[in-house]
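[1] Next come a sequence and a model predicted from it.
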Amino acid sequence: MKRIIALALLSLFSVGTLTACNTMSGAGQDIQKAGEKIEDKAEDCKDGKC
């Protein structure tokens, strides 16, 4: 019984960890895209187009 509980907890932890990695990866991509937009706008303003 203890072995089943340990395996269940391990599997739940593994799934949670993998999901968190995907979430952080997506968040990182979103932040990168936002940074690129800000950088583009800063370049436009530097050129006097804002």
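    That came in fine, so what should we check first? Numbers count the residues shown, from 1 in each chain.
[2] can you list the weak-confidence ranges in the protein?
    Within the chain, the stretches falling below the threshold (pLDDT under 70) are 17-18, 50.
[3] Show me the helices in it, by range?
    Taking DSSP state H, the helices of the chain run over residues 2-46.
[4] Next, name the residue at the spatial heart of this protein.
    Nearest to the mean C-alpha position of the chain, counting by CA atoms, centre = their mean, stands Met24 at 2.2 Å.
[5] Which residues are in contact with it?
    Taking CB atoms under 8 Å, 6 or more residues apart in numbering as the criterion, Met24 is in contact with no other residue. C-beta coordinates here come from the backbone N, C-alpha and C atoms, glycine included.
[6] Next, find the distance separating it from Ile31.
    As for Met24, its distance to Ile31 is 10 Å (criterion: CB to CB, to the nearest Å).
[7] Alright, I will stop here.
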